[in-house]
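[1] structure for this input, please:
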Amino acid sequence: MNRRDFLRLTAAGAAAFATPHLGFSAKSTKNKPNVLFIAIDDLNDWIGCLGGHPDVKTPNLDRLAQRGVLFTNAHCSAPACNPSRASLMTGILPSTSGVYHNPHPWRKSPVLRDAVTLPQHFMAHGYRAVGGGKIYHGGFPDPPSWHEYFPSQQKNKPDDPMPPNRPLNGIPKTAHFDWGPVDVPDSEMGDWKVASWAIGELRKKHDRPFFLGCGFFRPHLPWYVPPKYFDMYPLDKVTLPNVNENDLDDVPPIGKKMARPERDHKKVIEHKQWRKAVQAYLASISFVDACVGRVIDAFDGSPYADNTIIVLWSDHGWHLGEKLHWRKFALWEEATHNVLMVVTPGVTRPGERCSRPVTMLDIYPTLIDLCNLAAKEELEGRSLLPLLKNAKAKWERPALTTHGRNNHSLRSERWRYIRYSDGTEELYDHDKDPLEWNNLAGDSEYARVKKRLAKWLPKTNVPDVPRAKAKAKRSPKTSNR
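    Got it, this is the predicted structure:
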């Protein structure tokens, strides 16, 4: 008997003894809820229901958020695609696995080599697990996690059309750090194809419960989407982020190195591209919102609308000049804050908003609880079920984000505390300083605050997983900055 067969049998056996507590029977897969698992790449809090940007138009994300619980203080485990997704899908912290950056092959981690991923756990309990688009980081797909995948188990993301004469923004030597309209119909875009595939799955007759992973790539760079989405944001009316040009003066050297203001920010300013970049990011958000809307419309018209849990998440946030920084790869609010909303029949109430600090690590144990699957003791997240039932339930743990070994950020409802590998620190009071402009870490008045938060720092910080080599390295590297 191979390892997968053993896990399937033992997990199913354990599930038979699980105690049902949500009205879904643990005795038969027929009564178990389906899961619609929607991922969005590089989406920060610039959606209407989170209020991150005054101009944004996201009617479909907003209406989905109104159906259940919107977590307004959700954060990634790592501010990069690969470690964030590996952590979410395995339930294991980056500091435990050693998967800290995009070029780290997560299945090469001694901790994750034999990890049972979230869809694998569902497969072991009789579910049909299928996926399409970007769920794992592009360079490291995981065929054992799925019965089927679109476009294929090895190529998880459909190709996108590229405009001629790149770069469109005139910034040289920036690879895919580019933006502008691509004059094609929506149907030629990769995300549109992923949505169409998901719609096809929702129209099928399923003889067992399903775990349907639907991964959208935009608003990941390059920000190439059809012109009509740019037209939604007239350039002269685009609102730029509120930025303090002296913001890095009180930031430790490691933080400044992460920000790299001499690179992206300098180029954007020199080439007068800031407003066009914001326009393109907003356009990309509205494009992916339209893709989400298509899937939700199909879901509503399917026979599964009343017995399916919807989880929609983004893998991390994104900077567009805040802290003189662009992209993710940092430990400040713009990089760690992401989107999380959960709709569960019979559990969540419409229009709930939860301000408790949670992370993507919490999704795995939450879905185990919601679907009455066998528990997994090795998971390092915490089930969100108490918060789904009561958005104001007690929740003491801050959200932990890690970027590189021994670099951690902790976010409570009021505070953000950062400790870098050399012991330097940042502390921000979000009640008084939501833009994180004033580092209070050096003020003795806040020593108790730092001590209280520091107890949540991980005790284990394993060495980095060796980076991918040769061809396997080039693919992750294209999306590493």
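
[2] which helix runs longest in the protein?
    The residue-count maximum for a helix in the chain (DSSP state H) belongs to helix 274-300.

[3] now for the helix or strand following that one, which elements pack on it?
    Using DSSP states H and E, the helix or strand that follows helix 274-300 towards the C-terminus is strand 308-314. Secondary-structure packing of strand 308-314 (3 or more Cβ pairs under 8 Å, 6 or more residues apart in numbering; DSSP states H and E): strand 34-40, helix 59-65, helix 274-300, strand 340-343, helix 363-370. The way it works is simple: take the backbone N, C-alpha and C, and place the C-beta from them, glycine included.

[4] now the third one against strand 308-314, angle please.
    Read that as helix 274-300. 170 degrees (axes from the mean of the first three to the mean of the last three Cα atoms, to 10 degrees).

[5] now the angle from helix 274-300 to strand 34-40?
    170 degrees.

[6] which pLDDT value goes with the closest residue to residue 293 other than its chain neighbours?
    Among residues not flanking residue 293 along the chain, residue 60 sits closest, at 3.2 Å (Cβ to Cβ, 6 or more residues apart in numbering). pLDDT for residue 60: 98.

[7] tell me where the stretch 301-450 of the chain has strands.
    According to DSSP state E, counting those that start in this stretch, the stretch 301-450 of the chain carries its strands in the segments 308-314, 319-320, 326-327, 340-343, 352-354, 358-359, 399-402, 408-411, 415-419, 425-429.

[8] what lines up beside the first one in the sheet?
    When pairing is defined by DSSP bridges, strand 308-314 lines up against strand 34-40 (parallel), strand 340-343 (antiparallel).

[9] again, but for the fifth one
    Strands flanking strand 352-354 in the sheet, each with its direction: strand 69-71 (parallel) (DSSP bridges).

[10] who touches the strand it pairs with?
    By Cβ atoms under 8 Å, 6 or more residues apart in numbering, the surrounding residues in contact with strand 69-71 are 49-50, 340-343, 348-349, 352-354, 356, 358, 384, 387-388, 391.

[11] and it, how far out from the chain's middle?
    Distance of strand 69-71 from its chain centroid, counting by Cα atoms, centre = their mean, to the nearest Å, is 14 Å.

[12] related to what we said a few turns ago, how about the strands of the stretch 301-450 of the chain, which one is nearest residue 240?
    Residue 240 lies closest to strand 319-320 among the strands of the stretch 301-450 of the chain, at 8.3 Å (Cβ to Cβ).

[13] so for that closest one, mean pLDDT?
    pLDDT averaged over strand 319-320 gives 98.

[14] return the distance of it from the chain's centre.
    That offset, for strand 319-320, works out to 16 Å (Cα atoms, centre = their mean).

[15] stretch 194-201 now?
    That offset, for stretch 194-201, works out to 20 Å (Cα atoms, centre = their mean).

[16] hey, C-alpha coordinates of stretch 105-113 in PDB?
    Taking C-alpha atoms only, stretch 105-113 is exported to PDB below (Å, rounded to 0.1, in the frame of the first residue of the first chain):
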ATOM      1  CA  PRO A 105      10.600  24.400  -3.800                       C
ATOM      2  CA  TRP A 106       8.200  23.600  -1.100                       C
ATOM      3  CA  ARG A 107       8.100  19.900  -1.600                       C
ATOM      4  CA  LYS A 108      11.900  19.900  -1.000                       C
ATOM      5  CA  SER A 109      11.300  21.000   2.600                       C
ATOM      6  CA  PRO A 110      11.900  18.100   5.000                       C
ATOM      7  CA  VAL A 111       8.700  19.200   6.800                       C
ATOM      8  CA  LEU A 112       6.500  19.500   3.700                       C
ATOM      9  CA  ARG A 113       7.900  16.600   1.600                       C
END
